[in-house]
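J.: Got a predicted structure here, sequence first:
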Amino acid sequence: MFAFIISAQAQSTEPTKHEIEIRATYSVPSGETNFSGTTASGNTVDFGRDFDFKNEFGWQARYTYRSTDGKHKIVADYDAANWERSTTLTRTITFRGQTYVANASLDGALKLQTFRAMYAYRWGNEKLRFGPMVDMGFIKTSLALNGTTASGTRSSDGSLTKFAATIGYDLDYKPTPKINLFHNLGAIKFRRDNLFHAEGGIKVFVTESFGAVGGYKVQRYKLDGDDPNFLTIRSHGPFFGGVVRF
């Protein structure tokens, strides 16, 4: 398939319309969650204070389509990251009806998965394109705990999955045919949900069809359930990977 793409590209002077990227992400999370149905003290788990989660690798897959004139851009994107940490609690916390006691061991697994489809309409020329964008999709966040309670070792988990949409802008700058600088930002506040994501980076193509991508990404999502349950997660860090265009 790649040989066919390269051969066809060599015979065509039209700009490439499609890109496929596979990225590795490296990020550290922060935030808090409450799945106990009450706002009483000790029922909100703090990812930094209670776990001090560290940087972990995740992955991201993305497909991008650009129209021939560059005005229209469509993106389909899937992103997944997991953070795991074993710690000794410095305080007593309650999560999903289980009370984990201070000075005891606790294992935590935090996950963030996002899928979004984006459309952007951009003005400009062959080198610079900028314009508004809208995206929509799903965000899934979850936290699983396993540790010592007053009645022995117990496990509990909570998750929130929400339909999500943001509005913002998209930018592409191509100083040369082999270099592409990009930036994308989206945000929205809807009821008690707060969503924000942004990324910027560079793509360098060593051949007409193959290249490398790298940059930095920031995400902040606060998702609320129908009761006092909520999960707020913030993550940021670099990403890098490969890209093929045709």
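T.: That came in fine, so what should we check first?
J.: What are the boundaries of the helices in this structure?
T.: 2-10 (DSSP state H).
J.: May I ask which helix or strand of this protein has the lowest mean pLDDT?
T.: Least confident helix or strand of the chain, by mean pLDDT, DSSP states H and E, is helix 2-10 with a mean of 42.
J.: Give the bridge partners for Q219, please.
T.: Listed by DSSP bridges, the beta-bridge partners for Q219 are H197, S235.
J.: do you know how far it is from S142?
T.: 15 Å (C-beta to C-beta, to the nearest Å). All C-beta spots, glycine's among them, are computed from the backbone N, C-alpha and C.
J.: cool, D52 as well?
T.: On the measure of C-beta to C-beta, D52 and S142 end up 19 Å apart.
J.: which residues touch stretch 119-133?
T.: Residues outside stretch 119-133 that contact it (C-beta atoms under 8 Å, 6 or more residues apart in numbering) are 70-75, 118, 134-135, 167-175, 184, 186.
J.: neighbour-wise, which of D52 and S142 wins?
T.: In this view D52 and S142 are compared by other C-beta atoms under 10 Å, and S142 has more residues nearby, 19 against 12.
J.: quick one: contacts for the more buried one?
T.: Neighbouring residues of S142 by C-beta under 8 Å, 6+ apart: L110, K111, D157, G158, S159, L160, L231.
J.: looking at it, the second one is touching N82, isn't it?
T.: It refers to K111. Yes - K111 is in contact with N82 according to C-beta atoms under 8 Å; the separation is 5.1 Å.
J.: Which one's more surrounded, those two?
T.: K111 (19 against 14).
J.: so what's the more buried one bridging to?
T.: Beta-bridge partners, per DSSP bridges, of K111: N82, S142.
J.: Read off the pLDDT value for it.
T.: Note on K111: pLDDT of 96.
J.: center of this structure, which residue is that?
T.: Nearest to the geometric centre of the chain sits D79, at 5.2 Å (C-alpha atoms, centre = their mean).
J.: coming back round to it: I'd like to know which of the contacts of stretch 119-133 are buried.
T.: Using 16 or more other C-beta atoms under 10 Å as the burial test, these include 70, 73, 75, 118, 134-135, 168, 170-172, 174, 184, 186 as buried.
J.: Same list, the residues you listed, but as CSV with pLDDT and distance to K203 please.
T.: Shown next, in CSV, are the buried ones among the contacts of stretch 119-133 (pLDDT from 0 to 100; distance: C-beta to C-beta, whole Å):
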residue, pLDDT, distance to K203
G70, 92, 15
K73, 98, 14
V75, 98, 14
M118, 98, 17
V134, 98, 23
D135, 97, 20
G168, 98, 20
D170, 98, 14
L171, 98, 13
D172, 97, 10
K174, 96, 9
N184, 98, 13
G186, 98, 20
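J.: Keep only those of those that are in strands.
T.: K73, V75, M118, V134, D135, G168, D170, L171, D172, K174, N184, G186 (DSSP state E).
J.: In these, find the pair that's most separated.
T.: The distance between the two most remote of these (C-beta to C-beta) is 23.2 Å, for V134 and K174.
J.: which residues pair with Y78 across the strands?
T.: A61, F115.
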